[in-house]
Structure formats: structure tokens, C-alpha cells
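Trainee: Test case, fold it:
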Amino acid sequence: MNNIPTPAPGQTPPTDPAYVIFDEAVRRVPQAPCTDFMDKILTYGEMGDMAKRVTRGLQNLGVSKGDRVGICLPNCPYYVAAYYAVLKAGATVVNFNPLYTESEIHNQIKDSGITVMLTIDVNTVYPKVAAAKDGTSLKTIVVCSLAGALPGLKSVLYRVFKRSSIAAVTYDSNTITFDALTSDGTDPAPVDIDPLSDLAVLQYTGGTTGIPKGAMLTHSNIAANTEQVRIWMGEGEEFGTDSFLCVLPFFHVFAMTSILNLGVAIGAKMILLPRFELETALKNIHTKRPTLFPAVPTIYGAINGYADIGKFDLSSIRFCVSGGAALPIAVKSSFEELTGCVVVEGYGLTESSPVLTCNPPKGISKAESIGVPMPWTEIEIRDLEDPDKVVAQGERGQVMGRGPQVMAGYWQNTEATDAVLKDGWLATGDVGYFDEEGYVFLTDRIKDIILCSGFNVYPRIIEDAIYQHPDVAEVSVIGIPDEYRGESPKAYVKLKVGATASEQDILQFAHDTLNPIERPSEVEIRDELPKTMIGKLSKKELVAEQLNKASADT
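Mentor: Numbering: from 1, shown residues only. Coordinates of the predicted model:
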């Protein structure tokens, strides 16, 4: 296959500590911009000094090799410094979503056993962390000032006009400021790290069962996947000249590898947005000219559908990786036409750090395919009933992956580990097949398959068909009880702005496009569809609604 990125002859997966890429960027381009947060720019040299101080501060708090340290922060300079500092201290990063409830934060603290948490002084985040601390291993909360991360005038205006957003914090020996943590400028004590066995990140995921578990990602897992993605992207521009628009949260594994670690590995400037707001993102593209923009399909789709898109120049973007969910053909082609960039679809899981496959940026990028295996990665399609049996090319089965990026296992959960890992092979829980050229196509999640009259029906096939309707912006298909067929598909649809199609119109369109087994029995139009924290369409809320409805009807 031509133009498939490959490692250099003799090159093997890196087995360095995961922070080595950061140290190298600080050494090579100390004067280059590392982060741009609301127009406040920190160079790699400045970020290196901040990370060094955080490392020393953590050690002064008693953090040592093997300890777990929580980071509950949006995209901001504090996150970048804290992430690499925790790794340099020999501790393990445990990411927390700032949108979690108090209960979710409490449960993850208890399961991970973190001793220190870095968080932000906004009243939608800090009070939950403080309340979740009770009865757990968490000893010290380090509170970062949002105003302190802003440039001068914005910092003053935030303190004046956003005073109600600033959390009331009582500081004591167990709750300290970020400035107090970083007050010691002496060099941190060196820590001996075994990249193959020492944990860099404990990343929580629903995995293949929906129960949150901590995926244990070693330093070599993280280092290998970062290098795999760097090889895949190609040489690109000169080191230190690219820039990322960072709208996906770093606490999510896709952004952690494909934006943060990759960005640092190529010395890029990272334009940090604490959350995705469509017009804010467009203004940043227009004025700050990022060259790289990894995102999820719903973000690309939102940009495509923006009514005043003509006001913004998006031509600086040259390369995008789409992940987290299937990339509809219409979304890909529209965004490429709008920007002139290349959008490739990739695939992975938290358990694989996360990237397993991707379409080549300069080779054939096949519509609806998740591409080919990354360097040093093997993919097999196994029989759904007999996981030891590899199926023939073109047959559907469970996607299995093996490579240096695959996790060590689930934290303190041998049973769950044994269920998905065997001889180094990771059972993804996804159904797919290989075509004749070695490209992988996904058809669905195993747990999402709808059993209609004894036949397997794949929601993605139905979704792809409904996406062809010109009025459809988003669609999510689940199975609902059916007295005759056992289950039947139901489509939930969000229309494009100004669209007028009715539920019956969409239903008829689907019936004209799909075979009788695949045709949905119902279509429901909604103003919004449920999404995950990174904007991926989520089915579990829709399934829960149906279960509740079925219970109420009995």
C-alpha cells in the first residue's frame, strides 16, 4: 500500500519515560510559544520552569514514586505543567473530568487512592472536589487561580466582573495555592523510572462493560503511542512551528495523546480553550491561524453548519484527525471543502493509549473506514462466538488489537483485565472487518447490535443511511422492544438549522434506502441528542429512557 507511514528502518517503539518529549522540547525551543491561553503566552522555557517547580512542590508534599496524583482541570497552562510534573516525580496522573458530580469525583478518588489533587478556583469545580475529599485518601488540594492564568487586563476584569464565579476557598495546611506549591525553585530529586512497568496514567473508562475502571497506561505505552501518531502525521513543518487548536479536553485520552503529547513532541504551540464554544473556536482559527485541529465529528459538523461561516478564514488548518466516533462522509467532505485541509479518521480506545488505527494522511483515505494499523500494531478480526478463531477477510467479527500502546490492565481489577486482555491482545468490543487492501471498517459495538427477528442489525448502517437525508445534522440509533421482531431500530434525529423535515419524512427516507430488516420502526426528532464529555454522540441515555419507559408501561 503506497503512502502508508512507516517507521525508519530499524526503528523500534520508544521505551523512554513519557516526560522525555517535554524535556526535549524545552531544550530545543525554549523561546518558542508552548501555550496560548486567552492571549497569555508561555514559552517552552517558562513552562519547563513551572513544571520543575510543580515537581519539587509535589515532592515537598511527600509525593513519591508510585503515588497517584489527581488533575481536575480544564485546558489551561496549569494542566500542562502538572501533567509532566507528576510524571517527572515518578507518580501517576489520574485525570478527573471537572464536569463530574461530587459523587463521581468521590468514587474515583477512593478507587485510585490519590493523595494530592490539583484543581481550579471556580465555583462549578472546586466545591465538588473539596466535598468529595471526605473519607478518602486525598490529603492535599492544590487550588489553581483561573485569574492568575490570564493576561494582565483580562485577569483584572475577571476578578471584578466574574467575582461570583470564583469559589470561596479556605486555605490551610491541606488546601494550598498553586503559588505555594511552586514557591521552591530548587531542582527536584531525580526519580528512577522503569518505562515498561511504571504507570504514567491511570485513565478511567467505561471500557466494554460500562463500569468505570482505571486503565493502567505505562510510560512506554504513552511514549509509544505518541511516537506512532507522530510518525503517522509525517514530518510536517519544521520543529516548533506548528500550532494546535485545543478544544478537546486534555483529561480525555484522545486529546492527551493526539494533542498534548503530540504537540509537545513536535514543539507546537497549543492554543488552549477550556471548553468548546463554536464562535470562540472559529474566532481563534481566524485570528491565531492554527495548523492542526484534532476533534470529534460533532465539532466538525457544527462548524460546517454555522450560518455565518463565511466571516471566518479557516485556511490555516492543514491537517485534522477525527476520533471518538464514526466520521460521516458528508461531514468529512464538507469540512475539507470549507478549509482545504485533510481530515483523516482514526480509531482507538482508552485501553490502547488510545490510537490503534488511522487513515493515512497522504495515502488513500477510505470513506467509513478507520484506516489501517498504526506502526508496530497488529489488528485481527475474531469470531464473535469463538474469540480464538480469526475470521476470513471480509467477514464481520470482533476487532482485536496488539501493540506497544496496549495497557497493562485495569487498576485492581483482575477479572475485568482477564475479560479483555489475552496474550497481549485487546478485545475492543467493536465489530468490524478487513477489506481486500487491509483497511478496517467498523460496523458497531457488540453491545449495540440490535437482534431483529434473529438477524444482527448494525445501528451504524442505519445511521449512515439517514445521514444522507439533506435535513439531518445528527442521528443516533438504538434497539427498542418489538413484540413481533424481539427488537427493532429506533432513530433519534437532530435536524439542521432551518430544516423542516418531519419524522414521517425521515422514516420514509430510511425505508426507501434500507432493507426491510434494517428499517427503523420509529423516528423521533429532538432539539439535541445526548453527547459525552468530548462531544461524541452517546446512546446510553437513550437506552436508559427506553428502559424506564418500558418499566412504566408494565
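Trainee: Going by C-alpha atoms from here, please, whenever you check contacts or count neighbours.
Mentor: Will do.
Trainee: Pull stretch 85-103 out as CSV, backbone CA atoms only.
Mentor: Provided in CSV are the C-alpha atoms of stretch 85-103 (Å, rounded to 0.1, in the frame of the first residue of the first chain):
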residue,chain,number,x,y,z
ALA,A,85,5.5,17.3,36.7
VAL,A,86,3.6,14.3,38.0
LEU,A,87,5.4,12.1,35.6
LYS,A,88,8.8,13.5,36.4
ALA,A,89,8.0,12.9,40.1
GLY,A,90,7.6,9.2,39.3
ALA,A,91,3.9,9.4,40.3
THR,A,92,0.8,8.5,38.2
VAL,A,93,-1.5,11.0,36.6
VAL,A,94,-5.2,10.4,37.4
ASN,A,95,-7.4,12.5,35.2
PHE,A,96,-10.7,13.9,36.6
ASN,A,97,-13.4,15.5,34.4
PRO,A,98,-14.3,18.9,36.0
LEU,A,99,-17.9,18.3,35.0
TYR,A,100,-18.1,15.2,37.1
THR,A,101,-20.6,15.2,40.0
GLU,A,102,-19.3,15.2,43.6
SER,A,103,-20.3,11.5,43.8
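Trainee: Enumerate the positions of the helix or strand bottoming out on mean pLDDT in the chain that are buried.
Mentor: Ranked by mean pLDDT, DSSP states H and E, the weakest helix or strand in the chain is strand 455-457, scoring a mean of 75. Neighbour counts over strand 455-457 (16 or more other Cα atoms under 10 Å) mark Val457 as buried.
Trainee: So which residues make contact with the next helix-or-strand element following it?
Mentor: Proceeding N to C from strand 455-457, the next assigned helix or strand is helix 459-467, under DSSP states H and E. With contact meaning Cα atoms under 8 Å, 6 or more residues apart in numbering, helix 459-467 is reached by 328, 330, 443-444, 448-450, 472-478, 489, 491, 506, 509-510, 513-514, 518-520.
Trainee: And for stretch 334-347?
Mentor: By Cα under 8 Å, 6+ apart, the list of residues contacting stretch 334-347 from outside reads 300-301, 303-304, 314-324, 326-327, 332, 354-361, 365, 369-371.
Trainee: hmm, who's touching the longest helix belonging to the chain?
Mentor: In the chain, taking DSSP state H as the definition, the longest helix is helix 44-60. The contact list for helix 44-60 (Cα under 8 Å, 6+ apart) reads 22-23, 25-27, 29-34, 77, 80-82, 84-86, 88-89, 181-189.
Trainee: let's see 6 Å
Mentor: For helix 44-60, the surrounding residues in contact (Cα atoms under 6 Å, 6 or more residues apart in numbering) are 26, 30, 32, 34, 81, 85, 89, 181-182, 185, 188.
Trainee: Mark which of those are part of helices, please.
Mentor: Per DSSP H, these map to helices at 26, 81, 85, 181.
Trainee: out of these, which are buried?
Mentor: 26, 81, 85, 181.
Trainee: re earlier: if any of the contacts of stretch 334-347 are buried, give me the ChimeraX selection for them.
Mentor: Only the buried members of the contacts of stretch 334-347 enter the following ChimeraX selection, criterion being 16+ other Cα under 10 Å:
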select :300,301,303,304,314,316,317,318,319,320,321,322,323,324,326,327,332,354,355,356,357,358,359,360,361,365,369,370,371
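Trainee: Show the average pLDDT along the helix or strand where Leu542 lies.
Mentor: Assigned by DSSP H and E, Leu542 falls within helix 540-553. The pLDDT scores in helix 540-553 average 81.
Trainee: can you check stretch 409-426 too?
Mentor: Here the average pLDDT along stretch 409-426 is 96.
Trainee: Check stretch 141-151 too.
Mentor: 95.
Trainee: Residues touching that stretch, excluding its own?
Mentor: With Cα under 6 Å, 6+ apart, stretch 141-151 has contacts from 40, 116-121, 155, 175-178.
Trainee: From those residues, which land in strands?
Mentor: 40, 116-120, 175-177 (DSSP state E).
Trainee: JSON lines please, covering these and showing neighbour count.
Mentor: Formatted as JSON lines, those follow (neighbours: other Cα atoms under 10 Å):
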{"residue": "Lys40", "neighbour count": "14"}
{"residue": "Val116", "neighbour count": "24"}
{"residue": "Met117", "neighbour count": "26"}
{"residue": "Leu118", "neighbour count": "23"}
{"residue": "Thr119", "neighbour count": "27"}
{"residue": "Ile120", "neighbour count": "28"}
{"residue": "Thr175", "neighbour count": "17"}
{"residue": "Ile176", "neighbour count": "18"}
{"residue": "Thr177", "neighbour count": "20"}
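Trainee: residues contacting Ser488?
Mentor: Applying Cα under 6 Å, 6+ apart, the residues near Ser488 are 452, 479-480, 482.
Trainee: at 7 Å what do you get?
Mentor: Listed by Cα atoms under 7 Å, 6 or more residues apart in numbering, the contact partners of Ser488 are 452, 479-482, 520-521.
Trainee: rewinding a little: any idea which of the contacts of stretch 141-151 is least confident?
Mentor: Ser155 (89).
Trainee: Report how many residues lie close to the residue lying closest to Asn75 once chain neighbours are set aside.
Mentor: Setting aside the residues directly before and after it, Asn75 is nearest to Pro274 in space (Cα to Cα, 6 or more residues apart in numbering), at 4.7 Å. By other Cα atoms under 10 Å, the residues close to Pro274 number 17.
Trainee: Quickly note the distance from the one residue sitting closest to the centre of the chain to Ala81.
Mentor: Closest residue to the average C-alpha location of the chain: Phe254 at 3.0 Å, with Cα atoms, centre = their mean. Going from Phe254 to Ala81 by Cα to Cα, to the nearest Å gives 19 Å.
Trainee: same thing with Pro328?
Mentor: From Pro328 across to Ala81, the span is 36 Å (Cα to Cα).
Trainee: same question, Val122
Mentor: With Cα to Cα as the criterion, Val122 and Ala81 are 19 Å apart.
Trainee: on that earlier part again, just the buried members of the contacts of helix 459-467?
Mentor: So, by 16+ other Cα under 10 Å, the buried ones in these are 328, 330, 443-444, 448-450, 472-478, 489, 491, 506, 509-510, 518-520.
Trainee: Among those, which ones are in strands?
Mentor: 443-444, 450, 472-478, 489, 491.
Trainee: Next, format those as a markdown table and append distance to Phe434.
Mentor: Below are those laid out as a markdown table (distance: Cα to Cα, whole Å):
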| residue | distance to Phe434 |
| --- | --- |
| Thr443 | 11 |
| Asp444 | 14 |
| Ile450 | 22 |
| Val472 | 29 |
| Ala473 | 29 |
| Glu474 | 27 |
| Val475 | 25 |
| Ser476 | 25 |
| Val477 | 24 |
| Ile478 | 25 |
| Pro489 | 26 |
| Ala491 | 27 |
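Trainee: related to what we said a few turns ago, quick one, phi psi at the residue nearest to Asn75?
Mentor: Per-residue torsions, Pro274: phi -70, psi -20 (degrees, to the nearest 10).
Trainee: just Glu522 next, same as before
Mentor: phi -140, psi 150.
Trainee: Grab the nearest non-local neighbour of it.
Mentor: In this structure, Glu522 finds its nearest non-sequential neighbour in Lys490, 4.9 Å apart by Cα to Cα, 6+ apart.
Trainee: Quick check, the one you found in contact with Gly479.
Mentor: Yes - with contact defined as Cα atoms under 7 Å, Lys490 reaches Gly479; the gap is 6.0 Å.
Trainee: more neighbours, those two?
Mentor: Gly479 (24 against 21).
Trainee: Quick check: pLDDT value at that one.
Mentor: On the pLDDT scale, Gly479 gets 90.
Trainee: cool, and Ile211?
Mentor: pLDDT, Ile211: 61.
Trainee: begin at 19 from here
Mentor: Shifting the count to begin at 19 puts that one at Ile229.
Trainee: returning to that earlier point: of the ones in strands among the buried ones among the contacts of helix 477-485, the lowest pLDDT goes to which?
Mentor: Asp462 (81).
Trainee: dump the residue contacts of the residue nearest to Glu540.
Mentor: With Cα under 7 Å, 6+ apart, Lys508 has these contacts: 495-498, 538-541.
Trainee: Quickly list what it is bridged to.
Mentor: Applying DSSP bridges to Lys508 gives these bridge partners: Ile496, Glu540.
Trainee: Noted, bye for now.
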